[in-house]
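Asker: Here's a sequence, model it:
(one chain, ligands or ions: 2)
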Amino acid sequence: MSFDFSPYDADRPLLMRCTCGKDHTVAEHQKEQAAQSATTELIRRSQTEEFEAYFNAFVEASLIKAIFPQERERRNFLRAVGKGTAMAAIASVLPIASMQAMAQEAGKKPGTLEKTNLKIGFIPITCATPLIMAHPLGFYSKQGLNVEVTKTAGWALIRDKMINKEYDATHFLSPMPLAISMGVGSTQVPMNVATIQNTNGQAITLANKHKDKRDPKLWKGLKFAVPFEFSMHNFLLRYYVAEAGLNPDTDIQIRVVPPPEMVANLRAGNIDGYLGPDPFNQRAVFEEIGFIHILTKELWDGHPCCAFGSSTEFIQSNPNTFAALYRAVLNAAAMARGPENRELIAKVIAPQAYLNQPETVLTQVLTGRFADGLGNIKTVPDRADFNPIPWQSMAVWMLTQMKRWGYIKGDVNYKQIAEKVFLLTDAKKRMTELGMKAPEGAYPKFTIMGKVFDAAKPDEYVNSFAINKMG
Ligand SMILES: [Zn+2]
Ligand SMILES: [Zn+2]
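Answerer: Ligands and ions are numbered 1, 2, ... in the order given. Okay, here's the model as predicted:
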């Protein structure tokens, strides 16, 4: 071992270099070692036949559920045509089933991928777990892709880099591709949601001084942060305070703060709280400056949050590449869903290149066993989940909230926009082309704060809210 400290050299800083040769702290060194061994173990798990079988079953079940959101329709279809015919019919129309085959072929035959060097943007939050972990676990390279996952400072930058094609695909907030496709808040560029990245996984965090304000009716005059205007965070915070009788545009202040800056702003007293992504809710508890008031799961269990997507142009001109990318991300989602993998995943995404967070903060978020900052240890295994189906009814709900809060005006063709942006439609379109009766929409109903949302009646829903900004 050589000692390279040079304490008497006036021309260079005195670096306490780690024995591994890198300029980092012992803690950072340990974090990297832990990430390394967790990565090795997860790679081993991903290469078992068991996981391969689980993955294929997971994709198939997700797709069948996407085509037949109503259980009764699925059963009727199977009974009517028989299992064999149904399987053949579904295989012939499912975009992802053919994508899987294509991607497998592409992995074997170099040259079928239109583009192999790709740049993908992400915001360092646990929502992006599948997209991030696919990198160290080698899921992209397994598909023949050389992907650079690029940490990005905020959502406006993600939007701009997608519009100017600096990124090939990206981590989006799921309402963003709707807004960009409509040209709301930016130039109009058609974008697509290929998968939802995560469901649940957000919370409302309040500064410790507001421990006596657990009733949102008491929030008049408070300042809140959300990550972006076109975010589930903004829509859920607005929904929540409006249910308590407050007008989010006049009774409270809502400002946009990039997630990595939320904790610092809470500490500085610039804001009283936020509806933000994790790990920043847990991080506020870890820093002892805030507490978790409510998980968004308690507002809408299974709500979508972030998405994985790209521009329609990229998908159309690089179909094989996109298919390969899709498979890599789905693979990671399948692995991230497994509770037995969560602790290891926390270690994999903790280092500086990814989330740059204390491992314990990420473990609390991903395992759902966490301190809430109010003296309780809670156990909520699905605090964060990774269900990839981009239900079009989710898109319709987002559009109803954009309409409710004045982001879009006039008549909205909810279904048309939802089906154009959220990629589930190809299967149905192809079924119709093949003369099969396509099931009626990917439109399951959802319950948000006790109220059922039926995507078939969006206008009725929007008009049912007394507090709105529709003028
Ligand atoms: Zn080291
Ligand atoms: Zn998210």
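Asker: Report the central residue of this protein.
Answerer: Among the residues of the chain, the one closest to the centroid is residue 306, at 2.6 Å (Cα atoms, centre = their mean).
Asker: What's opposite it in the beta bridge?
Answerer: According to DSSP bridges, residue 173 are recorded as the beta-bridge partners of residue 306.
Asker: Tell me where the stretch 251-400 of the chain has strands.
Answerer: With DSSP state E, counting those that start in this stretch as the definition, the stretch 251-400 of the chain shows strands at residue ranges 253-256, 273-277, 290-295, 306-311, 369-371, 377-379, 384-385.
Asker: Up against ligand 1, what does the stretch 1-150 of the chain have?
Answerer: When proximity is defined by Cβ under 5 Å from the ion, the stretch 1-150 of the chain lies next to ligand 1 at 18, 20, 22, 29. The C-beta positions use only the backbone N, C-alpha and C, and glycine is treated the same way.
Asker: again, 8 Å this time
Answerer: 18, 19, 20, 21, 22, 24, 26, 28, 29, 32 (Cβ under 8 Å from the ion).
Asker: OK, contacts around the residue nearest to residue 356 when sequence neighbours are not counted?
Answerer: When the adjacent residues along the chain are set aside, residue 356 lies closest to residue 124, with 6.4 Å between them (Cβ to Cβ, 6 or more residues apart in numbering). Each residue near residue 124 by Cβ atoms under 8 Å, 6 or more residues apart in numbering is listed here: 151, 259, 260, 354, 355, 356, 357.
Asker: Count the residues that sit near the second one.
Answerer: Applying other Cβ atoms under 10 Å, we find 25 residues neighbouring residue 259.
Asker: I figured it hits residue 278, correct?
Answerer: No - Residue 259 sits out of contact with residue 278 when judged by Cβ atoms under 8 Å, with a separation of 9.1 Å.
Asker: Looking at residue 277 now. What's its pLDDT?
Answerer: Predicted confidence (pLDDT) at residue 277: the value is 97.
Asker: next one: residue 273
Answerer: With respect to pLDDT, residue 273 has a value of 98.
Asker: any weak-confidence spans in the stretch 301-450 of the chain?
Answerer: Low-confidence segments of the stretch 301-450 of the chain, defined by pLDDT under 70, span residues 424-442.
Asker: For the residue of it found nearest ligand 1, which non-adjacent residue is closest in space?
Answerer: Scanning the stretch 301-450 of the chain for proximity to ligand 1 using Cβ to the ion identifies residue 351 as nearest, at 11.5 Å. Excluding its sequence neighbours, the residue lying closest to residue 351 (Cβ to Cβ, 6+ apart) is residue 35, at 5.0 Å.
Asker: At which residues are the helices of the stretch 101-250 of the chain located?
Answerer: Under the criterion DSSP state H, counting those that start in this stretch, the stretch 101-250 of the chain contains helices at 129-133, 139-142, 155-163, 176-182, 232-243.
Asker: Show me the one of these that comes nearest ligand 2.
Answerer: helix 232-243 (7.1 Å).
Asker: Run through the neighbouring helices and strands of that closest one.
Answerer: Secondary structure elements in contact with helix 232-243, counted by 3 or more Cβ pairs under 8 Å, 6 or more residues apart in numbering; DSSP states H and E, are strand 202-207, strand 223-226, strand 253-256, strand 273-277, helix 392-404.
Asker: what do you get if the cut-off is 7 Å, keeping everything else the same?
Answerer: Other helices and strands packing on helix 232-243, by 3 or more Cβ pairs under 7 Å, 6 or more residues apart in numbering; DSSP states H and E, are strand 223-226, strand 273-277.
Asker: mind checking how far the residue lying closest to residue 367 once chain neighbours are set aside is from residue 158?
Answerer: Nearest non-adjacent residue to residue 367, counting by Cβ to Cβ, 6+ apart: residue 342, 5.0 Å away. Computed as Cβ to Cβ, to the nearest Å, the residue 342 to residue 158 distance reads 26 Å.
Asker: Name all residues that make contact with residue 406.
Answerer: With contact taken as Cβ atoms under 7 Å, 6 or more residues apart in numbering, residue 406 is in contact with 469, 470.
Asker: ok, which pair from the contacts of residue 124 is furthest apart?
Answerer: When the contacts of residue 124 are compared pair by pair using Cβ to Cβ, the farthest-apart members prove to be 259 and 354, with a separation of 13.9 Å.
Asker: Run through the residues of the stretch 1-150 of the chain sitting next to ligand 2.
Answerer: Taking Cβ under 8 Å from the ion as the criterion, the contact residues of the stretch 1-150 of the chain with ligand 2 come out as 125, 127, 128.
Asker: In terms of pLDDT, where does the residue of the stretch 1-150 of the chain at minimum distance from ligand 2 sit?
Answerer: Taking Cβ to the ion as the measure, the stretch 1-150 of the chain has residue 127 as its residue closest to ligand 2, at 2.9 Å. With respect to pLDDT, residue 127 has a value of 95.
Asker: ok so, going back, scan the residues of the stretch 1-150 of the chain next to ligand 2 and report the most crowded one.
Answerer: The most crowded member of these is residue 127, carrying 30 neighbours; neighbours defined as other Cβ under 10 Å.
Asker: ok, the nearest residue to that residue once chain neighbours are set aside to residue 385 distance?
Answerer: Nearest residue to residue 127, sequence neighbours excluded (Cβ to Cβ, 6+ apart): residue 306, at 3.9 Å. As for residue 306, its distance to residue 385 is 12 Å (criterion: Cβ to Cβ).
Asker: Likewise for residue 352?
Answerer: Using Cβ to Cβ, one obtains 26 Å as the distance from residue 352 to residue 385.
Asker: Looking at the two, which one has more neighbours?
Answerer: Ranked by neighbour count (other Cβ under 10 Å), residue 352 and residue 385 place residue 385 first, with 20 against 14.
Asker: if we can go back for a sec, how about a markdown table for the strands of the stretch 251-400 of the chain, with distance to residue 199 added?
Answerer: As requested, the strands of the stretch 251-400 of the chain are arranged in a markdown table below (distance: least, Cβ to Cβ, whole Å):
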| stretch | distance to residue 199 |
| --- | --- |
| strand 253-256 | 23 |
| strand 273-277 | 13 |
| strand 290-295 | 12 |
| strand 306-311 | 9 |
| strand 369-371 | 18 |
| strand 377-379 | 18 |
| strand 384-385 | 5 |
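Asker: before we move on, the earlier item: tell me how many other residues crowd the residue of the stretch 301-450 of the chain closest to ligand 1.
Answerer: The burial count assigned to residue 351 is 20, neighbours taken as other Cβ under 10 Å.
Asker: thought it was touching residue 32?
Answerer: Yes - shown here, residue 351 and residue 32 form a contact pair, counting by Cβ atoms under 7 Å, at 5.5 Å.
Asker: Which of the contacts of residue 124 has the largest number of neighbours?
Answerer: Neighbour tally across the contacts of residue 124 (other Cβ under 10 Å): the maximum, 27 neighbours, falls on residue 355.
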